[in-house]
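1. Build the 3D model from these lines:
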Amino acid sequence: METVAKDELHQLLNEVKNFCEARDWDQFHNIKELAIGVSTESAELLELFRFRSLEECEALLSNVSSREKIEDEMADVFFFLLRIAGRYGVDLKAALAKKMQKNAQKYPVEKARGSNKKYDEF
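-> So this is what the prediction gives:
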């Protein structure tokens with residue numbers, strides 16, 4: 001199962017790389033610009049929910065048109081993360097696994113379960 005996931009991620013990395021190379025975008029895709037892209041696209045995702053109640057936000061996911069906008073912004077964030085990983089040799093799967101281990105230490109189940117406190121507030 002892990003091999004399939006790794007192959008799928010590798011395929012996505014190559015798809016993004018090929019897309020950008022075909023358009024000669026490497027010259028614009030340095031770490032600073034790509035990190036700005038992550039932030040910009042994340043803000044565009046957040047904007048879809050701004051000034052809405054939780055119920056309204058969840059209703060957006062039930063509407064075909066608004067759900068597509070949400071998915072588009074999520075895909076844009078993912079695109080930039082994949083682009084950074086591809087350009088700078090970041091193994092996203094390994095980075096996530098390492099970060100989850102750190103999070104498990106910061107947020108042990110016995111302290112964090114059912115709590116929204118930050119690790120330094122326990």
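2. all contacts plus neighbour counts: C-alpha atoms, from now on.
-> Fine.
3. Residues in contact with the longest helix anywhere in the chain: which ones?
-> Under DSSP state H, the helix in the chain containing the largest number of residues is helix 64-88. Here helix 64-88 makes contact (CA atoms under 8 Å, 6 or more residues apart in numbering) with 12-14, 16-17, 31, 34-35, 37-39, 41-42, 44-45, 48, 60-61, 90-92.
4. can you rerun that using 7 Å?
-> With contacts defined as CA atoms under 7 Å, 6 or more residues apart in numbering, helix 64-88 is touched by 13, 16-17, 31, 34, 37-38, 41-42, 44-45, 60-61, 91-92.
5. Give me the mean pLDDT for the next helix-or-strand element following it.
-> With elements assigned by DSSP states H and E, the helix or strand that comes after helix 64-88 is helix 92-106. Averaging pLDDT along helix 92-106 yields 97.
6. Pull the distance from helix 92-106 to the chain's centre.
-> Helix 92-106 sits 15 Å away from the centroid of its parent chain (CA atoms, centre = their mean, to the nearest Å).
7. Could you check how far residue 32 is from residue 45?
-> 20 Å (CA to CA, to the nearest Å).
8. Of those two, which one has the most company?
-> Each of residue 32 and residue 45 has its neighbours counted (other CA atoms under 10 Å); residue 45 has more, 20 against 10.
9. got the angle for the host helix or strand of that one vs helix 64-88?
-> When elements are defined using DSSP H and E, residue 45 is found to belong to helix 31-47. Here the directions of helix 31-47 and helix 64-88 differ by 160 degrees (axes from the mean of the first three to the mean of the last three CA atoms, to 10 degrees).
10. Can I get helix 31-47 in PDB, CA atoms only?
-> What follows is helix 31-47, C-alpha atoms only, in PDB (Å, rounded to 0.1, in the frame of the first residue of the first chain):
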ATOM      1  CA  ILE A  31      11.600  29.200  -2.900                       C
ATOM      2  CA  LYS A  32      10.500  32.700  -1.900                       C
ATOM      3  CA  GLU A  33       7.900  32.900  -4.800                       C
ATOM      4  CA  LEU A  34       6.700  29.400  -4.200                       C
ATOM      5  CA  ALA A  35       6.200  30.000  -0.500                       C
ATOM      6  CA  ILE A  36       4.300  33.200  -1.300                       C
ATOM      7  CA  GLY A  37       2.200  31.100  -3.600                       C
ATOM      8  CA  VAL A  38       1.300  28.700  -0.800                       C
ATOM      9  CA  SER A  39       0.300  31.700   1.400                       C
ATOM     10  CA  THR A  40      -1.600  33.500  -1.300                       C
ATOM     11  CA  GLU A  41      -3.600  30.400  -2.300                       C
ATOM     12  CA  SER A  42      -4.300  29.500   1.400                       C
ATOM     13  CA  ALA A  43      -5.600  33.000   1.800                       C
ATOM     14  CA  GLU A  44      -7.900  32.500  -1.200                       C
ATOM     15  CA  LEU A  45      -9.200  29.300   0.400                       C
ATOM     16  CA  LEU A  46      -9.800  31.100   3.700                       C
ATOM     17  CA  GLU A  47     -11.600  34.000   1.900                       C
END
